[in-house]
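1. Predicted model, plus sequence, below.
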Amino acid sequence: MGRVLTKWVKCAHNGKQWEKMVKGGVIMVIDSIQFRVANSKLFHFLKANSRTSLELQLIRFWARHPRARLSLYTIASAMDTARINLREAIRSLIEKGILQEQEDGNGLITYSLASDPQTQEYIEELAKLDWNEIRILEKQLEGEAVLV
């Protein structure tokens, strides 16, 4: 049975210290203050697909409600945000293949998470993070920590 290679590298950026761990070919980042781990693939998925704060909020919303099919009005009410702002963010996530739009026979348009297995995997992984891990991931997305 082969060994899994684990390598730690100490890094610093803007006065903040963190560590990069390479374990079995998967790069993970650890905030050395919080000792939390964020999977690099999830980080890059979120970085590529959440250009705005509202897009990130929507992705996090669907991590909590992965099987939901909801109207724009329902999503806006649940997230306590204006529909006009939400419409553009939803449209962007549809174009990126993260959300899908359905219309029923009565003309009601609903939105749900796309059925793409890779997207589903990232959303499931995001749903497993606790509040502190989410906070650290958001800081990383804001650029306070940089993955290399």
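-> Perfect, thanks for sending it.

2. so what's the residue most central in space within the chain up against?
-> Against the mean C-alpha coordinate of the chain, by Cα atoms, centre = their mean, the closest residue is residue 46 at 4.3 Å. Counting by Cβ atoms under 8 Å, 6 or more residues apart in numbering, residue 46 touches 56, 59, 122, 126, 137, 141. Backbone N, C-alpha and C define where each C-beta goes, glycine included.

3. What is the neighbour count of residue 120?
-> Using other Cβ atoms under 10 Å, residue 120 has 13 neighbouring residues.

4. helix, strand or coil for the residue nearest to the centre of the chain?
-> Here residue 46 is recorded as helix under DSSP: H, G, I helix; E, B strand; the rest coil.

5. Looking at it now. What's its pLDDT?
-> The predicted structure scores residue 46 at 91 on the pLDDT scale.

6. Not counting sequence-adjacent ones, nearest residue to residue 83?
-> Counting by Cβ to Cβ, 6 or more residues apart in numbering, residue 83 lies nearest to residue 76, which is 4.5 Å off, once chain neighbours are set aside.

7. Report the contact partners of the one you found.
-> Contact partners of residue 76, counting by Cβ under 8 Å, 6+ apart, are 82, 83, 86.

8. Using TSV, lay out the contacts of residue 46 together with pLDDT and secondary structure.
-> Listed next are those as TSV, based on pLDDT from 0 to 100; DSSP: H, G, I helix; E, B strand; the rest coil:
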residue	pLDDT	secondary structure
56	90	helix
59	94	helix
122	92	helix
126	90	helix
137	83	helix
141	82	helix
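
9. Could I have the ChimeraX command that selects the buried members from these?
-> Command for ChimeraX, covering only those of these found buried under the criterion 16 or more other Cβ atoms under 10 Å:
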select :56,59,122,126,137,141
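
10. Sketch out the helices for this protein, chain order is fine.
-> With DSSP state H as the criterion, the chain has helices at 40-49, 53-64, 72-79, 83-95, 117-127, 131-141.

11. got the angle for the first one vs helix 117-127?
-> Put plainly, it is helix 40-49. Using axes from the mean of the first three to the mean of the last three Cα atoms, to 10 degrees, the interaxial angle of helix 40-49 with respect to helix 117-127 works out to 110 degrees.
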